[in-house]
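J.: below are the sequence and a predicted model for it; my questions follow.
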Amino acid sequence: MFLDPRRSADAYIVLEVISTQEQALKKDLSQPDCAFYAGVIAGFFSCLSGDQFEVIEPDCQSATPNICKFILGRAEVLNALVFWQTLDQN
């Protein structure tokens, strides 16, 4: 598998992960809380490609039951730190 994000016309990749247990474990359904999974996905694609990737989860599972929707992008175009810090302040 060859992954070269510099050759892609799209700045972001949307990933939908089907989950059956995460919804049952959530205590606060009003906010996304899959920072752990976002970190795993970002780390996986960063190691695979050699580029730095970041991931956010813009929609909580409660909006779409059993599906976590993540946005993956190169660190130059997606600032996940600001997203997760803003989320923590709400």
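T.: Good, I have the coordinates. Everything quoted here is computed from the prediction, not taken from an experiment. Residues are numbered from 1 along each chain as shown.
J.: from here on, just use CA atoms for contacts and neighbour counts.
T.: Noted.
J.: how about low-confidence regions in the protein?
T.: Regions of the chain meeting the criterion pLDDT under 70 cover residues 1-9, 19-33, 60-65, 87-90.
J.: which residue ranges of it form helices?
T.: Taking DSSP state H as the test, the helices found in the chain are 22-25, 35-49, 80-89.
J.: and the second one, what does it pack against?
T.: This means helix 35-49. Secondary-structure packing of helix 35-49 (3 or more Cα pairs under 8 Å, 6 or more residues apart in numbering; DSSP states H and E): strand 53-59.
J.: sorry, back to before: between the helices of the chain, which one is closest to L15.
T.: For these, the distance to L15 is smallest for helix 35-49, at 9.5 Å, taking Cα to Cα.
J.: between that closest one and strand 53-59, how many degrees?
T.: 150 degrees (axes from the mean of the first three to the mean of the last three Cα atoms, to 10 degrees).
J.: list the buried residues of helix 35-49.
T.: Y37, A38, I41, A42, G43, F45, S46 (16 or more other Cα atoms under 10 Å).
J.: I67 contacts L15, doesn't it?
T.: No - applying Cα atoms under 8 Å, one finds I67 not in contact with L15, separated by 9.8 Å.
J.: the more surrounded of the two?
T.: The residue with more neighbours, out of I67 and L15, is I67; 19 against 15, by other Cα atoms under 10 Å.
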